[in-house]
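[1] Below are the sequence and a predicted model; questions follow.
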Amino acid sequence: MTGHTGPPPDPVEVAIIGAGPVGLYLATHLAQAGVRVAVLEARRAPARHSRAIGLHPPGLAALAEVGAAEPLAARGVAIVRGRAYGALGPAGPRPLGVLSLDAVLPAPFPYVLSVPQRVTEEVLAARLCAAAPAALRRGVRVTDVRRGASGVTLSTEAVDGVAPPDPLHARVAVACDGGRGQSAAWLGVPVRGGRYRDHYLMADVPDDGVLGDDAAIFLARDGVVESFPLPAGRRRWVARTDRPPAEADPNQLARMVAERTGVHLTVRGAVHTSAFGTERRLATRLAEGQLWLCGDAAHVVSPIGGQGMNLGLLGAARAARGVRAALRGELDWAEAERAYDHRQRAAARRAARRAAWNMRLGRPTPVPWAREAAVRGLLRSPTARWAARLFTMQA
């Protein structure tokens, strides 16, 4: 971060760095409220890989605020029931219980919506275009952010090497550039956290229809296997591995699934195969001097449990309300920044604890009977309602 600058005239009030789901949601939320926004994205086209698929009820409620929940529901699969299984025996994996979300969660979203992240981005981009047709600027990389007395100035470069764009001035900048971006350095704050010892292998494969639209978790002796329905006749399978796989091989995943669950996958046509580790990171401050961090730029939690994108959307809704109040003079900037920082950091810590619990539940164990007994008890009334709220980010 360097010095103070005299801002050139620019109609932008809020500059958003990054056009992932969090950046697009924040821009849409603000644009629909009449705030002048610009979204700067280095990628020339949206990413096609979809690691995030699960939208929990709080995330759906946030998306409903910008009119995106209904079109997403039309393109996704509503998961209203989850099945839990124990270790594989002669007759197959031991059934531990069923959690029916629609029986214990309130309307209007008594389910988890399974929809690829690329679809979420498509719907949000369409909503943004309807509210502010020129807001999304692709092929523009932000190289520096400088704070001044009246706002921030963003230095940029064109990704294709054509004449670089002029610097952009805005009242406030919100960095939604992901966990590998430079935004924490621009803010001048350290990021705390580290890696877990858990690694996973994942692929989306043709669905044989045996599990229907249910989610399933197999608490196998050698590590958890999870399975979720997807639109268009596909199903996602995720298996814990002892160490980072040498490569993302769907045949290796199929072998692990068969050994732990007795389910034989058809991997011909598998897509989005990936191997990934897990980590927890949280910036020590999320907003100051009209530069805010949001989404993975602010915090990263383990993807096990599907909280990351939801946490980012909820943070973007919180940031949108705070920025809008400061722009309107209802709060001073320092007060808006403190409120956002305090609430979002607390939400990130809660999500990280839930994710760590989810991972511990799925680690290998030589005595699976104790874990299975605990899960059976958790899925029975009256704890089923609490379990449903816990697993859907409402507890």
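    Thanks, I have it. Residues are numbered from 1 along each chain as shown.
[2] Run a quick neighbour tally on residue 244.
    Neighbour count of residue 244, defined by other C-beta atoms under 10 Å: 12. (Glycine included, C-beta is placed from N, CA and C.)
[3] For it, give me its contacts.
    Residues in contact with residue 244, defined by C-beta atoms under 8 Å, 6 or more residues apart in numbering, are 199, 275, 277.
[4] now swap in residue 289 and tell me
    147, 152.
[5] do that again at 6 Å, thanks
    residue 147 (C-beta atoms under 6 Å, 6 or more residues apart in numbering).
[6] any idea how far stretch 111-118 is from the chain center?
    A distance of 11 Å separates the centroid of the chain from that of stretch 111-118, by C-alpha atoms, centre = their mean, to the nearest Å.
[7] List the contacts of it.
    Residues contacting stretch 111-118 (C-beta under 6 Å, 6+ apart): 48, 50, 52-56, 72, 75-80, 101, 228-230.
[8] measure that stretch end to end?
    From its first residue to its last, stretch 111-118 covers 20 Å (C-alpha to C-alpha, to the nearest Å).
[9] buried subset of the contacts of residue 244?
    Among these, those buried by neighbour count (16 or more other C-beta atoms under 10 Å) are 199, 275.
[10] Pick the one among the contacts of residue 244 closest to residue 351.
    Nearest to residue 351 out of those is residue 277 (C-beta to C-beta; 17.7 Å).
[11] what about residue 335, which helix or strand?
    helix 333-361 (DSSP states H and E).
[12] Return the residue of the protein that is most distant from the centre.
    Outermost residue of the chain with respect to the C-alpha centroid, by C-alpha atoms, centre = their mean, is residue 90; its distance is 38.1 Å.
[13] Looking at it now. What's its pLDDT?
    pLDDT for residue 90: 91.
[14] residue contacts, it?
    So residue 90 contacts nothing (C-beta under 6 Å, 6+ apart).
[15] Enumerate the positions of the helix holding residue 335 that are buried.
    333, 336-341, 344-345, 347-348, 351-352, 354-356, 358-359, 361.
[16] continuing past it, what's the next helix or strand?
    Where DSSP H and E defines the elements, the next helix or strand beyond helix 333-361 is helix 368-378.
[17] Output that next one in CSV with nothing but the alpha carbons.
    Provided in CSV are the C-alpha atoms of helix 368-378 (Å, rounded to 0.1, in the frame of the first residue of the first chain):
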residue,chain,number,x,y,z
PRO,A,368,-16.1,-47.5,13.9
TRP,A,369,-18.9,-48.8,16.2
ALA,A,370,-18.5,-45.8,18.7
ARG,A,371,-18.8,-43.3,15.9
GLU,A,372,-21.7,-45.1,14.4
ALA,A,373,-23.6,-45.2,17.7
ALA,A,374,-23.1,-41.5,18.1
VAL,A,375,-24.4,-40.8,14.6
ARG,A,376,-27.5,-43.0,15.1
GLY,A,377,-28.3,-41.1,18.3
LEU,A,378,-27.8,-37.7,16.5
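[18] Next, the angle helix 333-361 makes with it.
    Here helix 368-378 points in a direction 130 degrees away from that of helix 333-361 (axes from the mean of the first three to the mean of the last three C-alpha atoms, to 10 degrees).
[19] helices or strands up against the helix or strand following helix 368-378?
    Going down the chain from helix 368-378, the next helix or strand is helix 383-391, by DSSP H and E. Helix 383-391 sits against helix 101-104, with contacts defined as 3 or more C-beta pairs under 6 Å, 6 or more residues apart in numbering; DSSP states H and E.
[20] how about the helix it packs on: buried residues?
    Using 16+ other C-beta under 10 Å as the test for burial, helix 101-104 gives 101, 104.
[21] Dump the C-alpha coordinates for it into PDB.
    The C-alpha coordinates for helix 101-104 follow below in PDB (Å, rounded to 0.1, in the frame of the first residue of the first chain):
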ATOM      1  CA  LEU A 101     -34.600 -31.800   6.100                       C
ATOM      2  CA  ASP A 102     -38.100 -30.900   5.000                       C
ATOM      3  CA  ALA A 103     -39.500 -32.400   8.200                       C
ATOM      4  CA  VAL A 104     -37.400 -30.200  10.500                       C
END
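[22] For it, what does the pLDDT average out to?
    The average pLDDT for helix 101-104 rounds to 91.
[23] what helices or strands is it leaning on?
    Against helix 101-104 (3+ C-beta pairs under 6 Å, 6+ apart) you get helix 383-391.
[24] can you give me the strands in the stretch 51-200 of the chain?
    Remark: strands assigned in the stretch 51-200 of the chain by DSSP state E, counting those that start in this stretch are 54-55, 77-79, 81-89, 92-100, 112-114, 136-138, 140-148, 151-158, 168-170, 172-175, 191-206.
[25] Return the set of buried residues in the third one.
    This points to strand 81-89. So strand 81-89, judged by 16+ other C-beta under 10 Å, has buried residues 81-88.
[26] contacts for it?
    93-100, 214-221, 262, 368, 372, 375.
[27] for the first one, same thing?
    The set of residues that contact strand 54-55 without belonging to it, under C-beta under 6 Å, 6+ apart, is 112-113, 306.
[28] before we move on, what about the second one?
    Under the contact criterion C-beta under 6 Å, 6+ apart, strand 77-79 has outside partners 111-114, 213, 215, 229, 231.
[29] make it 10 Å
    The contact list for strand 77-79 (C-beta atoms under 10 Å, 6 or more residues apart in numbering) reads 53-55, 101-102, 109-115, 207, 212-215, 228-232, 234-235, 392.
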